[in-house]
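>>> Let me see the structure of the following:
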Amino acid sequence: MTTTECTPRYGNEAVAPNVNLHYQYFESQQSGPCTVLLHSLAMDHSFWRFVAPELAKHGSVLCVDLRGHGRSSKPQGPYTIAAMAADVRALLDRLRIEQVVVAGASMGGCVALQFAIDNPDITRALGLIDTTAWYGENAAADWANRAAKARLEGFGSLVGFQQTRWFGEPFRARHPQVVQESVAVFVANDLTGYEGACHAMGAFDARSKLLGLRMPVSIVVGTEDYATPVAMAQALYQGIPGSRLKTIEGARHLTPLEVPKDITRMLSELRSRVQH
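Reported below is the predicted structural model:
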């Protein structure tokens, strides 16, 4: 396999009324589908900074700021996961990207899953990282409470909770800069976008659609993830025909930041299954 260095370009495209998406695009001349990477709640395209450049050595990679996040538009909510997936499809159409391997983490995994359900014509493979098809019976109330706390007390009130949810204690001790960078992105969020995304996650339920997925699907989760625990990944694995499941010992919820080499390897292997 040929290896090439690729410098990303950045852009902003209109994808829906009052919605523009910001993106980072490593455009390669190598053949094969473009890998589309979708970030976790309250993060942005920089979430993939340890993964995307490595993947880009072997093909095109597109990292998106989803609706309500980063430098993308933050329209009034509520949002839906389906609308966020439709935004991504519209962006791909604008960029004339015709075949993709789509992957996402946590909320981004929900968007990636919905994208694959809605766009089987261009989805060659699907990567589901630290995510779920359904957050459970109390999801709507739980996510509404999270959004309300941010509005009433500010994002700073959630930082302690988020840090322990995102990363295990050993990682936090060894890599304080990664933790600090993640916190900086988190506290810079827009309340409108955050509330809209929380509503979307609380309402998301794709369980009935899993059986219809026909592309290669890889699922990964950390054994210490209590945001989307192993049981949720196992439910995806059991629901999606022919899918593959990998657990990462000791990892928590943001594996693309905590164990990027494992995630890069997983996505490279997934992409290799559709190269030919």
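
>>> Give me the contacts around the helix or strand hosting residue 152.
Using DSSP states H and E, the element containing residue 152 is helix 139-153. Residues outside helix 139-153 that contact it (C-beta atoms under 8 Å, 6 or more residues apart in numbering): 135-136, 157-158, 189, 191, 194-195, 198-199, 201-204. In this view, the C-beta of every residue, glycine as well, is placed from N, C-alpha and C.

>>> can you redo the residues you listed as TSV with secondary structure and neighbour count?
Output for the contacts of helix 139-153, formatted as TSV (DSSP: H, G, I helix; E, B strand; the rest coil; neighbours: other C-beta atoms under 10 Å):
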residue	secondary structure	neighbour count
135	coil	20
136	coil	11
157	helix	11
158	helix	20
189	coil	22
191	helix	14
194	helix	23
195	helix	24
198	helix	27
199	helix	18
201	helix	23
202	helix	21
203	helix	16
204	coil	24
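
>>> Dump those into a markdown table; add pLDDT and distance to residue 12 as well.
What follows is those, written out as a markdown table (pLDDT from 0 to 100; distance: C-beta to C-beta, whole Å):
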| residue | pLDDT | distance to residue 12 |
| --- | --- | --- |
| 135 | 98 | 30 |
| 136 | 97 | 35 |
| 157 | 94 | 31 |
| 158 | 95 | 28 |
| 189 | 97 | 18 |
| 191 | 97 | 22 |
| 194 | 98 | 20 |
| 195 | 97 | 23 |
| 198 | 98 | 24 |
| 199 | 97 | 24 |
| 201 | 98 | 25 |
| 202 | 98 | 28 |
| 203 | 98 | 27 |
| 204 | 99 | 26 |
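
>>> Now flag whichever of those is closest to residue 167.
Residue 167 lies nearest to residue 158 out of those, by C-beta to C-beta, at 14.6 Å.

>>> how close does residue 203 get to residue 83?
11 Å (C-beta to C-beta, to the nearest Å).

>>> Overlap in contacts, the two.
Joint contacts of residue 203 and residue 83 (C-beta under 8 Å, 6+ apart) do not exist.

>>> returning to that earlier point: and of the contacts of helix 139-153, the nearest to residue 117?
Nearest to residue 117 among these, with distances taken as C-beta to C-beta, is residue 204, at 11.5 Å.

>>> low-confidence ranges in the stretch 151-276 of the chain?
Counting by pLDDT under 70, the stretch 151-276 of the chain has low-confidence residues at 275-276.

>>> those strands in the stretch 1-150 of the chain, which residues are they?
For the stretch 1-150 of the chain, the strands defined by DSSP state E, counting those that start in this stretch cover 9-16, 19-26, 34-38, 61-64, 100-105, 123-129.

>>> looking at those, which is buried most?
strand 100-105 (a mean of 30; mean count of other C-beta atoms under 10 Å).

>>> Just the residues contacting that one, thanks.
By C-beta under 8 Å, 6+ apart, strand 100-105 touches 33-40, 47, 62, 88, 92, 109-113, 115-116, 122-131, 254-256, 267, 270-271, 274.

>>> cool, stretch 230-239 as well?
Contacts of stretch 230-239 (C-beta under 8 Å, 6+ apart): 128, 131-134, 207, 210-211, 219-221, 223, 243-245, 247.
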